[in-house]
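Peer 1: below are the sequence and a predicted model; questions follow.
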Amino acid sequence: MDKKYFGTDGIRGRVGDHPITAEFMLKLGWAAGRVLASKGGKLVIIGKDTRISGYLFESALEAGLISAGIDIRLLGPMPTPAIAYLTRTLHASAGIVISASHNAFADNGIKFFSGEGTKLADEVELAIEDELDKPMVTVDSAKLGKAERVADAGGRYIEFCKSTIPLSMTLKGLKVVVDCANGATYHVAPSVFDELGAEVISIGAKPDGLNINRDCGSTRPEHLQKIVLEQQADVGIALDGDGDRVLMVDHQGVLVDGDELLFIIALSRQAHGALHGGVVGTLMSNLGLEHALQEHDIAFQRARVGDRYVLELLRQGGGQLGGESSGHIICLDRTTTGDGIVSALQVLAAMVETGKSLAELKSGMKKYPQHMINVPVGGAIDLDAAPTVQAAVKSAEQRLAGRGRVLLRPSGTEPVVRVMVEGEDEQTVREAADQLATVVAAAV
């Protein structure tokens, strides 16, 4: 069955536009509470990022869940992966994240975690949507839920992050610039690296409800690159608004993307005999990653874009490491979901163990030129049924002469079609992408 509200990454949209409204969130909390209660659930934790609308939706979800008889633990601003972790350790039936991740403050969204700290199963999401169509009925007053705040949530998560690298390891001697994107990691990420011994310079750590992801973080790392050079830092760490993505910057100010970070972690795991089941990327992963892993006899598979699909392939193949070029990296041997801080720590651990710089560690992977254009769309579009688009794709593929890739993909989080062309020659790649994007724009 097709889902009405849940996408590949929860429910997301512009604040004030259905379904990102207080009325819907009230009903969503009640519907989720009803489904969880029917399965014996008693407790749900709620966390959020720093965007101003988080207050509104936190209260609405809280009221809905309580009206269904569910107890609540409120975490306040916390990274998405922290909520997944705390859902497990607090033995909650589910965790709810109020966040629109890397989007601007005017958007918001809802993501659910199961009691195991993983994405909700499709059948649970469908059951919640089924309840949304029913009239809202409050449980008897004696059965209403209660709400409490978890005062030490940040400290718990900081200790967990530190535990994902060897106990004896120190980051002493490393100068690190951490960009928190004015988001959910602002009060935990600097402490993690500081407590492990690094000299930490934090930026993007003064959220005001409106500046999340604004000219900072993993979507806009230019300022971080500048600061790394000015401070002569060893490395820069760019997190996104909810802390599940990370990009890094080497000491030369060069951006290191998710594909390169995945390569570094994979080789580190292989050196320790701890890489199991190969590596999973996505349709957007650079060809250079695939070829570099092949050179080291590491199996590589491509999933559909989205961490949900990366996780599916990892579980099917018994793998533990996967991710996306955007910096959403999953280390299942450390945690249950993508975690920007944990991923950055794995890279820093590789630097410490090898004595090599980030630039040296990534040098074993040669990236192919890749150009992506986001073409705005007004609604759903069937690109396969557009003859002009298909003809343009075929033309682009002929220009690449079998030495590259063409990919058209409707985004699961934004109203755009992503046009991506990849190949050996940068000029050819850009020209092919520009021409294809023009045809797609005309067709939508």
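Peer 2: Arrived safely.

Peer 1: where does this structure dip in pLDDT?
Peer 2: 1, 413 (pLDDT under 70).

Peer 1: ok, residue 14 to residue 60 distance?
Peer 2: 16 Å (Cβ to Cβ, to the nearest Å). Bear in mind the C-beta positions are built from the backbone N, C-alpha and C, glycine included.

Peer 1: got it, and residue 309?
Peer 2: 30 Å.

Peer 1: burial measure for the residue nearest to residue 93 when sequence neighbours are not counted, as a count.
Peer 2: Among residues not flanking residue 93 along the chain, residue 41 sits closest, at 3.1 Å (Cβ to Cβ, 6 or more residues apart in numbering). Counted with other Cβ atoms under 10 Å, the neighbours of residue 41 add up to 21.

Peer 1: the stretch 101-250 of the chain: helices as residue ranges?
Peer 2: 122-132, 153-162, 189-195, 222-230 (DSSP state H, counting those that start in this stretch).

Peer 1: related to what we said a few turns ago, neighbour count winner among residue 14 and residue 60?
Peer 2: Between residue 14 and residue 60, counting by other Cβ under 10 Å, residue 60 is the more crowded of the two (21 against 15).

Peer 1: re the thing from before, for residue 433, which of the helices of the stretch 101-250 of the chain is the nearest?
Peer 2: helix 222-230 (21.8 Å; Cβ to Cβ).

Peer 1: output that closest one as CSV, restricted to C-alpha atoms.
Peer 2: C-alpha atoms of helix 222-230 as CSV (Å, rounded to 0.1, in the frame of the first residue of the first chain):
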residue,chain,number,x,y,z
GLU,A,222,32.4,27.3,3.1
HIS,A,223,32.7,29.2,6.4
LEU,A,224,34.1,26.1,8.1
GLN,A,225,36.7,25.7,5.3
LYS,A,226,37.8,29.3,5.9
ILE,A,227,38.1,28.9,9.7
VAL,A,228,40.1,25.7,9.4
LEU,A,229,42.6,27.5,7.3
GLU,A,230,42.7,30.6,9.5
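
Peer 1: got the contact list for the residue nearest to residue 93?
Peer 2: 33, 70, 93, 94, 115 (Cβ atoms under 8 Å, 6 or more residues apart in numbering).

Peer 1: please report phi then psi for it.
Peer 2: phi -70, psi 140 (degrees, to the nearest 10).

Peer 1: relative to residue 140, how far out is it?
Peer 2: Applying Cβ to Cβ, the value for residue 41 to residue 140 is 18 Å.

Peer 1: swap in residue 9?
Peer 2: 36 Å.

Peer 1: neighbour count: those two, which is higher?
Peer 2: More crowded of residue 9 and residue 140, by other Cβ under 10 Å: residue 9, with 19 against 7.

Peer 1: contacts only, for that one.
Peer 2: By Cβ under 8 Å, 6+ apart, the neighbours of residue 9 are 101, 109, 111, 306, 307, 308, 412, 413.

Peer 1: and the residue located most distally from the centre of the chain, how far from residue 69?
Peer 2: The C-alpha centroid of the chain is most remote from residue 142, which lies 39.5 Å away (Cα atoms, centre = their mean). Per Cβ to Cβ, residue 142 is found 10 Å from residue 69.

Peer 1: same check, this time on residue 46
Peer 2: Taking Cβ to Cβ, one finds residue 46 at 16 Å from residue 69.

Peer 1: in stretch 63-81, what counts as buried?
Peer 2: Of the residues in stretch 63-81, those buried by neighbour count under the rule 16 or more other Cβ atoms under 10 Å are 63-81.

Peer 1: show me where the stretch 201-350 of the chain has strands.
Peer 2: 235-239, 246-249, 255-256, 279-282, 300-303, 321-323, 329-331 (DSSP state E, counting those that start in this stretch).

Peer 1: which residues does residue 420 bridge with?
Peer 2: For residue 420, the beta-bridge partners are residue 372, residue 407 (DSSP bridges).

Peer 1: which residues does it contact?
Peer 2: Here residue 420 is in contact with 284, 370, 371, 372, 373, 405, 406, 407, 408, 409, 433 (criterion: Cβ under 8 Å, 6+ apart).

Peer 1: quick one: buried ones out of those residues?
Peer 2: Buried among the contacts of residue 420 by 16+ other Cβ under 10 Å: 284, 370, 371, 373, 405, 406, 407, 408, 409, 433.

Peer 1: the last one is in contact with residue 375, isn't it?
Peer 2: No: counting by Cβ atoms under 8 Å, residue 433 stays clear of residue 375, with 10.5 Å between them.

Peer 1: hey, what's in contact with both of those two?
Peer 2: Common neighbours of residue 433 and residue 375 (Cβ under 8 Å, 6+ apart) are residue 419.

Peer 1: now the closest residue to residue 52 other than its chain neighbours: how far from residue 76?
Peer 2: Excluding the flanking residues, the one nearest residue 52 by Cβ to Cβ, 6+ apart is residue 209, at 3.3 Å. Noted for residue 209: a distance of 13 Å to residue 76, by Cβ to Cβ.

Peer 1: with residue 63 instead?
Peer 2: 17 Å.
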